[in-house]
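Asks: next come a sequence and a model predicted from it.
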Amino acid sequence: YVADDGPGLAVDDSVEELTEFGVSNHGGTGIGLAIVECVAAAHGWELDIGESESGGFRTTLVGVEPTG
């Protein structure tokens, strides 16, 4: 997973909305989560998006199997 302690997500943000190309609530490019979602889908994984322990943003790749 990746998490931060920033402003977090708006209550009405859905995973589908957050992973659309060009969506950014804070002045970014809006391509980061869209790319991560595309890579996850290509591997059969899912993206779980929510709030971090500190109230910021957290995303987890679900279905990833450790190697080695």
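Replies: Yep, that arrived.

Asks: what sits against residue 26?
Replies: residue 7 (CB atoms under 8 Å, 6 or more residues apart in numbering). (C-beta placed from N, C-alpha, C; glycine too.)

Asks: I meant residue 45, not that one.
Replies: Residue 45 neighbours (CB under 8 Å, 6+ apart): 61, 62, 63, 64.

Asks: identify the residue spatially nearest to it, adjacent ones excluded.
Replies: Nearest in space to residue 45, with sequence neighbours left out and distances taken as CB to CB, 6 or more residues apart in numbering, is residue 63 at 4.2 Å.

Asks: pretty sure the one you found contacts residue 41?
Replies: No. Using CB atoms under 8 Å as the test, residue 63 is too far from residue 41 to be in contact (10.5 Å).

Asks: I'd like the next helix or strand past the worst-scoring helix or strand of the chain on mean pLDDT.
Replies: Least confident helix or strand, the chain: helix 15-18 with a mean of 81, by mean pLDDT, DSSP states H and E. Per DSSP states H and E, the first helix or strand lying C-terminal to helix 15-18 is helix 32-42.

Asks: and that next one, how far from the chain's centre?
Replies: 9 Å (CA atoms, centre = their mean, to the nearest Å).

Asks: please name every helix or strand in contact with that helix.
Replies: strand 46-51, strand 57-62 (3 or more CB pairs under 8 Å, 6 or more residues apart in numbering; DSSP states H and E).

Asks: quickly run through the sheet partners of the first one, with directions.
Replies: Right, strand 46-51. Sheet pairing of strand 46-51 (DSSP bridges) gives strand 57-62 (antiparallel).
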